[in-house]
Structure formats: structure tokens, C-alpha cells
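Peer 1: sequence plus the predicted model coming up.
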There are 2 protein chains.
Amino acid sequence: MIQTPYYLIDKAKLLPNMEKIAWLRENSGAKALLALKCFSTWPVFDFMRDYMDGTTSSSLYELRLGKEKFGRETHAYSVGWADHEIDEAVSYADKIIFNSLGQLDRFGDKAKGIATGLRLNPRFSTSGFDLADPARPYSRLGEWDMARLEMAEDRINGVMIHYNCENSNFELFSDQLTRIEGEFGSFLKRLDWISLGGGIHFTGEGYPIEKLADRLKAFSDAMGVQVYLEPGEASITKSATLEVSVLDIIDNGKKVAVVDSSIEAHMLDLLIYRETAKLPQNGTHEYQIAGKTCLAGDIFGDARFDKELEIGDRVTIDDAAGYTMVKKNWFNGVKMPAIAIRELDGTEHVVRDFGYDDFLKALG
Amino acid sequence: MIQTPYYLIDKAKLLPNMEKIAWLRENSGAKALLALKCFSTWPVFDFMRDYMDGTTSSSLYELRLGKEKFGRETHAYSVGWADHEIDEAVSYADKIIFNSLGQLDRFGDKAKGIATGLRLNPRFSTSGFDLADPARPYSRLGEWDMARLEMAEDRINGVMIHYNCENSNFELFSDQLTRIEGEFGSFLKRLDWISLGGGIHFTGEGYPIEKLADRLKAFSDAMGVQVYLEPGEASITKSATLEVSVLDIIDNGKKVAVVDSSIEAHMLDLLIYRETAKLPQNGTHEYQIAGKTCLAGDIFGDARFDKELEIGDRVTIDDAAGYTMVKKNWFNGVKMPAIAIRELDGTEHVVRDFGYDDFLKALG
């Protein structure tokens, strides 16, 4: 039995997402690139590669990872490239997407051998969090002024428009795409490709994926472009768990089970967005599941079990693939969860474990 | 010139903190242990060791780091020890402090060879953030019920009481200590040592450190105990900067300078506590300083400069030692800042750089 804590990526749960992505590509004509910012756990890239067209990135290191470990089509995007990065970036990329006209001005010549794009910010989004809203006031994410877009026109052949965020509402997606057609259509028709970014929750249960395929195809036909999608969370949703063990049970007016993990160290978005983990909810025995760090608010959430918890019991925290492993850190020196894979035949094996030496080397 | 981004620890700025700590130890009789959860950058431990009594920890890895890299007195604390950790923990520790009576029941026998304590939660604190407030409802951090404390009495000879959080108000500290004397004094008088934890901002400018020394001495005399302090932020406050470079300048109604760093990846507490970085404020040229990740709210804050910024200009972000290097992570695959030291003679050298291989190995 693998020692907790560990992230467990289950290929049998990853497969349905991959199959939906492959179906959507086939039926919409859109290409799908894994967004590495959400999930960069490359030991499963061999498994994912057959279902997707490649990767997109948000930095030089992600770009190189995509090129070397995933292969196929490799998109390079960064909010800001540095002078010392650009040649290396171009060497890995099939397409490079600049975040601003200023970056295009500075580096466009360096990118002449590959397809070049610009980030277009439509000034609306589906984000419910100001923190994550690319359309927030003074947003630095992309260009929206038509005069500036036209200044770029002879140097680009595509754009990336990332404005969805965990959007499970097809009608909202479709309406906003119509708005984009209306506001930017005449410009978009002069391009070869358009990436609609990530954040469309089309692998979720009940999502009308057929309608999405039709809508993407209609958009692609109307604009005369190759459409790209950049699924991050949609690629890996519900495909991994975080496996932890109970270290202590405390009752200070409420039963609290302290586990050998931490939201801040291992599932950071729960803390940043003040959200609750997906925990067992079957049974009548209620516990708050809390982390083992000094942070008073290191709390995964409330869970229910069919029997009383005991020290050493294992607890499974669901939906732990997206934005978890890429953000794990050494807060409190808590052991980082190992990364394990469950193969389709049910066998489990650890692909990376972390120990004291990793902690030591993180700090000097 | 060292390539940005990098954390720069300046020994000349660290020294005044160390001297204040040494002065306080001398004049109060209290011992001072570095709280590794705040700062674990061991390449400067050789420099700090002469001014402090040792370290305290919040996990097995921090404990081992303190023992091996700092030495002197080593306190072991964890919200939850695991069965497979306890023997190793005891082997490094001079004192072990259990978080709950349950943990003491489970592991007390294992710790018989060393001094043993329990965390006492006085049920009040100075924290302005619910997230970081150990006195919040149902807190799992320590015991407060006198009946339970007395159940531990024959197995412990000390307690740790951590209830301050960046408390720069001496009167508040003193009043709360009086409250502790009143509520728990009869119990505390039967102990050999009491740690008052960290969070007392006594190295800050203008702090009445003489009054603090007197108050600690009076407390120590009244209780008949050895007092410990666990300065984290107080040990390293204002001793380091984060050095970054401007990658792009964007004007969408406000001038935004994108730099080669990120609050989420490199100064995480700015994001968690929704705070603003300490930035240059001299001059009439205003810029918002923003990170290079995809996060719309990756914003350090507003700064002023005496001339217009240009691509490649360096910007210094102040007070970047505490809870930064210990929490840095690979969000967006942004290059982790190197760790550099400025020696007392002004020379600067990198003690740890991070590259693509570190990113790769973090994920598989």
C-alpha cells in the first residue's frame, strides 16, 4: 500500500475525458491542446497524446515540457517573454502568441519562421472571481482596441481569446461567441486560426457536447479559420484524487480529523478561492477534515462517513488533478504528496516521491 | 550582475534583527528559537546561529533541517505526528511539543527521553485574519480545557502558547500575557518552561524592546519557568528583497509594468491575504507592478519611480524574506527566483538557482 499523502491519477477516469475531447475534435474540426498551466504531470502524457493535438503553455519551461514530453503541436504563450528567453522559445514552438502589441513589436522578427498570434481580450468573461477575471479593469491580458489589433495585422495570422473560466453553461458560451463574431468578426475573418482558450467545461456530466461541436463548426466556417481549444481542467477533471491519512481526531465542539496534508501546500486553490474540497458525504458520522499545518484555516471541508474515523484511516479527496500538483509547495515543510498512477488494469505505482532532500534543495 | 528573478538576503539588514534578538535574550532571560515555518533558507544559518538559541519546527522535515543545519536547541512541534515519523522526530529533538492530548496519549511514551510539552490555546489571539487565527471556533490548535491540561500534567514539563500574529502593540501583548497569568497561572507555575510562540514584532522600528524584556522577565519570575520565544518574521523582517525585471509595459487606462515574477508563485501571502507588496514610492511616474502569470489578479501593487520605466529595468520588492521562499511553487512554470546573499562586505553571490530540470522533477 502506497504511503500517504499521494496524488493518484486514475487512467480509467482520465479516459472518458480524453474520449470526449477526441469526439469533439472529430465532430467540430477544432483542435485541442492541453493547457499545461493546469496540469503538467508528464508521466501520463504518453496516455493522453493520442487524444489531443498537443499542448499550450504560459512560460518557457511549460513550453519546453510540452515540446519534449508531449510533442505534436506546441503553442507558446507568455504574458511576458524576456530577451534571454525568446530564441529558445521560438526553437520549441509551432506557434507563438504574444500578449501585447509591445511584445510583438519587440520580438516579432525573432518569430518570423513560425506562426505568430496575438492575445485578443474581448473585455468580457465568465469568471466569477475578480482575481481570475481577464476582463477586470486595466487588465494586462491581451489587446482589445481595434486600431491596435490592426497595427498587428500584417504580422500575425491568428489570435488567442481566453475568456472562459469553468464555464459549464453552453448557452452563455454560445452567446459570448456570437458577441465576439459581432464585435471582432471582420478582423477575425482575415486570420488563419483562432484559439478560444480554455475554461469550457465540456467534459462535465450533462454538457451538451453535440451543440458545442456544431457551434464551433459554425464559428470556424463563418470565420474561415482553424479553431483551437485549450482544455486544462476539462482534460483532467475528476481524474485524480489526493489520498491522505488521519493523524489525530480532536473534538472542540466539532469533530475534526487532522490529516497528513494541507490545502495551502497541496491543493492551493481551495485556499486562494476559499473553496471546499470534494469529500466523502455518505453516512452519519460528521468530521471537519483539516490539514496538519500551523494555519488555523487549513481546512479541506466537512465530510460524512458511515462509521467513526480512527487514527490511520484513509480519506480520499476527490477531483485533485487541476492546479494542484503544479502549485504544491513546502509550506511548513509538510511532505509533498507522491505522484502515483492507477493503470487501466487497476495496478498502482508511484512515479515520483518527494523527501527531505527535495525540501533541503528547495531552500539552498 | 545576477539574472532576475532572485531573492536577495542582505546580511547587513539581517544583523540588526539578530542583535535585537541577542539583546532581548540577554536582558529578559528568554531563549529565542527561529521559527522555520517562516524562513528555512539554511545558507544563512551559520550567520544567524550566534544570535539565537536554536530552531522550532512544524513538521519532521523542518525539525531535521533545524537539527542538521542550525544546531543548538531543537524544538519539535507538529499539528499531527504520524506513527512512522515519531521515532525519527524524537531522535532530532531536545523538546517535543504535542498539539493535543490525543497525540500525547499516543506518542508520550516514545518521547520519554526528552523534554515534553503540550500546546496550550488560550482562546484569544491578535490575528486580524480568521484564516490565521488559532482562536477561531473549533480550532484544532492546542488544548484549553483545564481538566484536559491536568490530565497531561504528569507527562509534560512545559507548554507552547502561540497566539500572536505580527503583533507590534506591546501593551496588547502585555495585557494578554496578564490574562494568561490569570487564567492559567496556577497550572503554568507547575511547569519548567513556557514557549510564548512567535508573532511578536519586537525587532520592528520603535518597538519598546526594553519594556518587553522587563515584562518577559517578570512573567518568567512569577511563573518560575524558562521562557522561550519563537521569532519567525521578527528574525528576518526587512532582511531580503525580491529582485525582478520589467518585461513589458502596458497602458490600458493605467500603466502596468509586467515583471518576471508572480505573487502566487513567489510571494504567495500577498495573494492569500490580499495584501500589497512593499514597492518603490519615490517619484511621480506611477505604475502598477504585475506578475507574468495568467492570473488576472497577479498584481504586486502600485509603485512610483523618479523616471519612466523601460523594458529591462530592475525593480526591488522589499521585505521578501518571510513566508516567501518556503512557499514558492511552479505555478505557470515561471522560473523560480534564485536565492542570493549579500555579504557584509557588499559582495553578492547565488547560493541556489532553479532551472528547467527542477520544474521537470517537480512533476514526475
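Peer 2: Arrived safely.

Peer 1: quick one: neighbours of the residue in the stretch 51-200 of chain A that chain B sits nearest to, just the number.
Peer 2: Nearest residue of the stretch 51-200 of chain A to chain B: A:Gly80, at 3.2 Å (Cβ to the nearest Cβ). Glycine gets a C-beta too; all of them are placed from N, C-alpha and C. Other residues near A:Gly80 come to 28 when the count uses other Cβ atoms under 10 Å in any protein chain shown.

Peer 1: in three-state terms, label it for me.
Peer 2: Each residue gets one of three states, and A:Gly80 gets coil by DSSP: H, G, I helix; E, B strand; the rest coil.

Peer 1: work out for me the element the residue nearest to it when sequence neighbours are not counted sits within.
Peer 2: Excluding its sequence neighbours, the residue lying closest to A:Gly80 (Cβ to Cβ, 6 or more residues apart in numbering or on different chains) is B:Leu247, at 3.2 Å. Counting by DSSP states H and E, the secondary-structure element that holds B:Leu247 is strand B:240-251.

Peer 1: now swap in A:Ser125 and tell me
Peer 2: Following DSSP H and E, one finds A:Ser125 outside all helices and strands.

Peer 1: give me phi/psi at it?
Peer 2: Phi and psi for A:Ser125, reported as degrees, to the nearest 10, are phi -160, psi 180.

Peer 1: can you read off the pLDDT for it?
Peer 2: According to the model's per-residue confidence, A:Ser125 sits at a pLDDT of 91.

Peer 1: and for the one 10 residues further on?
Peer 2: According to the model's per-residue confidence, A:Ala135 sits at a pLDDT of 92.

Peer 1: I'd say it and A:Arg123 touch.
Peer 2: Yes: in this structure, A:Ala135 is within contact of A:Arg123 by Cβ atoms under 8 Å, at 5.2 Å.

Peer 1: how about the strands in the stretch 1-150 of chain A?
Peer 2: A:6-10, A:31-35, A:54-56, A:73-78, A:95-98, A:115-119 (DSSP state E, counting those that start in this stretch).

Peer 1: closest to A:Ile86 out of these?
Peer 2: With Cβ to Cβ as the measure, strand A:95-98 is the member of the strands of the stretch 1-150 of chain A nearest A:Ile86 (8.7 Å).

Peer 1: starting at the chain centroid, how far to that closest one?
Peer 2: How far strand A:95-98 lies from its chain's middle: 19 Å, per Cα atoms, centre = their mean, to the nearest Å.

Peer 1: and if you look at stretch A:300-310?
Peer 2: Remark: stretch A:300-310 is offset 29 Å from the chain centroid, using Cα atoms, centre = their mean.

Peer 1: in it, which residues are buried?
Peer 2: Neighbour counts using 16 or more other Cβ atoms under 10 Å in any protein chain shown place A:300-303, A:305, A:309 of stretch A:300-310 among the buried residues.

Peer 1: take those residues and keep only those in strands.
Peer 2: Residues of these located in strands (DSSP state E): A:300-303, A:305.

Peer 1: and of these, the nearest to B:Asn157?
Peer 2: A:Phe300 (34.3 Å).

Peer 1: A:Leu344 versus that closest one, what's the distance?
Peer 2: Separation of A:Phe300 from A:Leu344 (Cβ to Cβ, to the nearest Å) stands at 29 Å.

Peer 1: go on, A:Lys327?
Peer 2: For A:Lys327 relative to A:Leu344 (Cβ to Cβ), the value is 28 Å.

Peer 1: re earlier: CSV for the strands of the stretch 1-150 of chain A, including mean pLDDT, mean neighbour count and distance to chain B?
Peer 2: Below are those laid out as CSV (pLDDT from 0 to 100; neighbours: other Cβ atoms under 10 Å in any protein chain shown; distance: least, Cβ to the nearest Cβ, whole Å):
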stretch, mean pLDDT, mean neighbour count, distance to chain B
strand A:6-10, 98, 23, 11
strand A:31-35, 98, 26, 9
strand A:54-56, 98, 27, 11
strand A:73-78, 98, 27, 7
strand A:95-98, 98, 27, 9
strand A:115-119, 98, 23, 10
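
Peer 1: export the ones you listed as TSV, with columns for distance to A:Glu88.
Peer 2: As requested, the strands of the stretch 1-150 of chain A are arranged in TSV below (distance: least, Cβ to Cβ, whole Å):
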stretch	distance to A:Glu88
strand A:6-10	29
strand A:31-35	20
strand A:54-56	16
strand A:73-78	10
strand A:95-98	12
strand A:115-119	16
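
Peer 1: that concludes my questions; thank you for your assistance.
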